[in-house]
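S.K.: With the sequence up front, the predicted model follows.
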Amino acid sequence: QVQVVESGGGFVQAGGSLRLSCAASGSISTYVVGWFRQAPGKGREFVASVSWTGGTARLSDSVKGRFTISRDNAKNTFDLQMNSLKPEDTAVYYCVAVNADSTWNRGYWGQGTQVTVSS
């Protein structure tokens with residue numbers, strides 16, 4: 001079983017940047033990895049994902065052009081670079097790793113890290 005732990009959340013002003021990192025306790029080289037977020041009073045929403053090779057990345061429309069997802073299979077880590085942050089990006093961010101033939105809800109989820117963007 002793989003455990004994943006997020007780091008890098010915090011408080012930033014609008015227009016600023018943050019980099020979230022997710023570290024896995026074991027190999028995730030064959031897993032699809034991604035980031036979700038949950039804002040107060042809202043459901044969890046998809047933010048970004050990247051294939052196990054790192055060759056295919058997906059981003060939600062709300063973050064395209066501002067966020068970038070990357071992974072390092074040698075280190076069992078993956079990151080979310082967030083630029084041009086907006087107050088509406090405020091949320092708890094979760095990283096997740098899942099087998100390519102499974103669904104996100106069956107993946108290995110972190111505990112979440114808070115990102116707060118002030119206007």
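M.R.: Yep, it's here.
S.K.: what residues are up against the residue nearest to the spatial centre of the chain?
M.R.: Nearest residue to the geometric centre of the chain (Cα atoms, centre = their mean): Trp35, 2.6 Å. Trp35 makes contacts with Leu20, Cys22, Val47, Ala48, Ser49, Ile69, Leu80, Tyr93, Tyr94, Cys95, Val96, as judged by Cβ atoms under 8 Å, 6 or more residues apart in numbering. No exception for glycine: its C-beta is placed from N, CA and C like everyone else's.
S.K.: Quick check: the gap between the residue of the chain most remote from its centre and Asp89.
M.R.: Here the chain reaches farthest from its C-alpha mean at Ser119, the gap being 22.3 Å by Cα atoms, centre = their mean. Computed as Cβ to Cβ, to the nearest Å, the Ser119 to Asp89 distance reads 11 Å.
S.K.: Check Val63 too.
M.R.: 8 Å.
S.K.: Spell out which residues are contacts of both of those two.
M.R.: Met82.
S.K.: Can you get me a residue count around the residue nearest to Leu18 when sequence neighbours are not counted?
M.R.: Excluding the flanking residues, the one nearest Leu18 by Cβ to Cβ, 6 or more residues apart in numbering is Met82, at 5.0 Å. Counted with other Cβ atoms under 10 Å, residues neighbouring Met82 total 25.
S.K.: Met82 against Ile69, yeah?
M.R.: No - Met82 is beyond contact range of Ile69, at 10.0 Å (criterion: Cβ atoms under 8 Å).
S.K.: what residue ranges in this structure are flagged as low confidence?
M.R.: Within the chain, no stretch has pLDDT under 70.
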